[in-house]
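Asker: 3D model of this:
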Amino acid sequence: MTGIVNLQIFKEAKGVLEVSRDAVFIIFDETIVYANQQAAKLLGYEDVEELLGRWSVEYISPENRRAQFKPAGKNTPFRYELKIRRKDGSFVDVETQISIIEYQGRPASLIFTRDITERKAFEAKLNALHKHALELRKYEAVDQVQQSTMKTIRETLGFRNASMGVLENKQIIFQEFNGQKDDRTLDIDGPGITELAARTGETQCQNDLKRQVDTELQVSGSELDVPIIVNKEVYGVVKVESETTNAFDENDRKLLELLTEQVASSISIIREKEKLQHSLEELENNNRELDEYTYAVSHDLKAPLRTIQAFSDFLLDSTKEKLDESEMDYLNRIVNASMRMTQLIEDLLVLSRVGRKYLEVDVIDLNDMVRAIVVDLDSLVSDRKAEVLFDDLPHIEGHKVWIRQLFTNLIGNAIKFNNSEEPKVWVRYEDHYDYIQFSVKDNGIGIDEKNYARIFKLFERLHTQEEFPGSGAGLTICKKIVETYGGKIWVEGKLGEGSTFFFTIHKGLFGGEADIMDTPVEEIHLDVVTESSM
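Answerer: Reported below is the predicted structural model:
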């Protein structure tokens, strides 16, 4: 029969089976016809003879009986993990390997069985540590990490006498012992293995400790100390103790080392979050101070400019018949320069506010918004006989004041930088998986490719003030708005053939919580910025 071991071959190997570390059985007609001494020990019997002739199924747990030996003549052995019942009624986890042999002319099962109770327990504890690692992600404070860890050490890993010490100023200050407050303090230079673990950053284990309680009595026990290393420095020590000798093995060491690695990682993350939060608070304070400073400076700058404008206008009205052409030109230049300076100050204020906290997010109907923008730009649209074309634009989530500013600047520029007899602007979009791509196209003067990057820089201009008036901040503001929300903006086109400005907006509040200004709308006093950096 294919895959069946001859009984004669088994008899010749019997001597080897007798000294095997595995329990070995032969099952014939569900009856135990052979067992070695290790098999008797596994099932809780002193003598092999007690097993022979017994019904094999009685040693298999009810839930595993369906998975028992099913010889099918295969060349490869059958492998199972199951529970078997011992003589005293307790169960033990085992791994079995089953081969088919020929016994009295019929198939029988040759079974090698190994106790895997410790391995299964170790695997269960590893799974528990994995769950603990996931739990640690939720904590925001180091105290929470320490409390959860000590609970896991006691209740899941089974180390009843456990404590955790934190290293401070060359002292190990303990937090708790067996769930109770622990006031012990150890000097790091002390003689114990806890101190040694803290000094060296290496695990220390001693399974034959002897502690002298008084002049006559000595107490034996075991101790395992595992350091917690955070960013290459010893943060603390996990200490477990037992009143018996040889209480801790290599598996205990591995479990605690894995646990302390998880704890160290969690503490490191919490510390980084705390540093980041502190930095954000400092940045917020700096931004607030900068806002106040910017407002104060702009107010102080605009006051004399208003005076210059007022007196210049007065001089123009009162002396226009007395001044010659050159003198009138000088006054007009003063008026225009002061007006441009005022606009520059306003644009800088707008630019400084982009990226600050704003009150609330709106669902924006871009069709309604573009219609309103065209109305706002009516004088420019009418003067140039321009046409703004759009159809069925999407609804998006965003901060209305900045989205309006973005579209206003781009549409206004498309009309202004246009020498066509019939200026046209097309506002379109493409819906992608996680973002929307918008485009504002015109049939205007176009842009030389070498200037694509330059036009987005603050106050960079490609034309004189006389050709196209403006501050040169409009596209810089557009760029900052788009990038604040994680998008990008770029331009395509050719000189003399019009331009197309593209920008992307992430779906779902631009891919994350945007950080816009916290000044109420009614306090912003934004002027529509249509000036380009071209």
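Asker: pLDDT weak spots in the stretch 151-300 of the chain?
Answerer: 176-180, 211-219, 287, 289-300 (pLDDT under 70).
Asker: show me where it has its helices.
Answerer: Shown for the stretch 151-300 of the chain, the helices assigned by DSSP state H, counting those that start in this stretch span residues 193-200, 250-319.
Asker: I'd like those as JSON lines, with mean neighbour count and distance to residue 397 appended.
Answerer: All C-beta spots, glycine's among them, are computed from the backbone N, C-alpha and C. Formatted as JSON lines, these follow (neighbours: other Cβ atoms under 10 Å; distance: least, Cβ to Cβ, whole Å):
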{"stretch": "helix 193-200", "mean neighbour count": "20", "distance to residue 397": "53"}
{"stretch": "helix 250-319", "mean neighbour count": "14", "distance to residue 397": "23"}
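Asker: give the next helix or strand downstream of the helix or strand where residue 406 lies.
Answerer: Using DSSP states H and E, residue 406 sits in helix 400-416. Downstream of helix 400-416, the first helix or strand assigned by DSSP H and E is strand 424-431.
Asker: okay, angle between that following strand and helix 400-416 too, please.
Answerer: 140 degrees (axes from the mean of the first three to the mean of the last three Cα atoms, to 10 degrees).
Asker: can you list contacts of whichever helix or strand comes after strand 424-431?
Answerer: Note on strand 424-431: by DSSP H and E, the next helix or strand toward the C-terminus is strand 435-442. Contacting residues not belonging to strand 435-442 are listed as 394, 396, 407, 410-411, 414-415, 417-418, 423-430, 487, 498-507, 511 [Cβ atoms under 8 Å, 6 or more residues apart in numbering].
Asker: ok so, going back, now for the helix holding residue 406, which elements pack on it?
Answerer: For helix 400-416, the elements it packs on are strand 362-365, helix 366-376, helix 378-384, strand 424-431, strand 435-442, helix 474-484, strand 499-506, judged by 3 or more Cβ pairs under 8 Å, 6 or more residues apart in numbering; DSSP states H and E.
Asker: tell me the helices and strands packed up against the second one.
Answerer: What it means is helix 366-376. So helix 366-376, by 3+ Cβ pairs under 8 Å, 6+ apart, packs with helix 400-416.
Asker: just the buried residues out of the contacts of strand 435-442, in ChimeraX syntax.
Answerer: To isolate the buried members of the contacts of strand 435-442 in ChimeraX, using 16 or more other Cβ atoms under 10 Å:
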select :396,407,410,411,414,415,417,418,423,424,425,426,427,428,429,487,498,499,500,501,502,503,504,505,506
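Asker: circling back to that earlier point, in JSON lines, list the helices of the stretch 151-300 of the chain along with distance to residue 156.
Answerer: Output for the helices of the stretch 151-300 of the chain, formatted as JSON lines (distance: least, Cβ to Cβ, whole Å):
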{"stretch": "helix 193-200", "distance to residue 156": "22"}
{"stretch": "helix 250-319", "distance to residue 156": "9"}
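Asker: residue 169: which of those is closest?
Answerer: helix 193-200 (12.3 Å; Cβ to Cβ).
Asker: before we move on, back to that, now the helices and strands packed on helix 400-416 as a markdown table including mean pLDDT and distance to residue 132?
Answerer: Shown next, in a markdown table, are the helices and strands packed on helix 400-416 (pLDDT from 0 to 100; distance: least, Cβ to Cβ, whole Å):
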| stretch | mean pLDDT | distance to residue 132 |
| --- | --- | --- |
| strand 362-365 | 84 | 42 |
| helix 366-376 | 87 | 49 |
| helix 378-384 | 80 | 65 |
| strand 424-431 | 90 | 44 |
| strand 435-442 | 89 | 38 |
| helix 474-484 | 82 | 39 |
| strand 499-506 | 88 | 35 |
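Asker: for the ones you listed, which one ends up most surrounded?
Answerer: Mean neighbours per residue, mean count of other Cβ atoms under 10 Å, is largest over the helices and strands packed on helix 400-416 for helix 474-484, with a mean of 23.
Asker: sorry, back to before: okay, the helices and strands packed on helix 400-416 in CSV with distance to residue 209 next?
Answerer: Shown next, in CSV, are the helices and strands packed on helix 400-416 (distance: least, Cβ to Cβ, whole Å):
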stretch, distance to residue 209
strand 362-365, 69
helix 366-376, 75
helix 378-384, 89
strand 424-431, 70
strand 435-442, 64
helix 474-484, 62
strand 499-506, 61
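Asker: which one, of the ones you listed, ends up nearest to residue 247?
Answerer: strand 499-506 (56.8 Å).
Asker: how about residue 237: which residues does it bridge to?
Answerer: Assessed by DSSP bridges, residue 237 has beta-bridge partners residue 165, residue 227.
Asker: next, work out how far apart it and residue 225 are.
Answerer: Distance of residue 237 to residue 225, computed by Cβ to Cβ, to the nearest Å: 5 Å.
Asker: give me the common contacts of the two.
Answerer: With Cβ under 8 Å, 6+ apart as the test, residue 237 and residue 225 both reach 194, 197.
Asker: look at the two and report which has more neighbours.
Answerer: Neighbours were counted for residue 237 and for residue 225 using other Cβ atoms under 10 Å; residue 237 has more, 28 against 24.
Asker: just checking, the more buried one touches residue 223?
Answerer: No - using Cβ atoms under 8 Å, residue 237 makes no contact with residue 223, being 11.1 Å away.
Asker: got any residues that touch both of those two?
Answerer: residue 194.
Asker: how about the helices of the stretch 151-300 of the chain, which one is nearest residue 25?
Answerer: The closest of those to residue 25 is helix 250-319. By Cβ to Cβ, the value is 28.0 Å.
Asker: how about the strands in the stretch 1-150 of the chain?
Answerer: Secondary structure of the stretch 1-150 of the chain (DSSP state E, counting those that start in this stretch): strands located at 4-6, 23-28, 31-35, 78-85, 91-103, 106-115.
Asker: and the angle for the last one with strand 78-85?
Answerer: In other words, strand 106-115. Counting by the same axes, to 10 degrees, strand 106-115 lies at 70 degrees to strand 78-85.
Asker: can you list the strands that strand 106-115 pairs with?
Answerer: Strand 106-115 has its sheet partners listed here by DSSP bridges as strand 23-28 (antiparallel), strand 91-103 (antiparallel).
Asker: just to revisit the earlier point, so can I have CSV of the strands of the stretch 1-150 of the chain showing distance to residue 328?
Answerer: Output for the strands of the stretch 1-150 of the chain, formatted as CSV (distance: least, Cβ to Cβ, whole Å):
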stretch, distance to residue 328
strand 4-6, 119
strand 23-28, 115
strand 31-35, 121
strand 78-85, 102
strand 91-103, 104
strand 106-115, 108
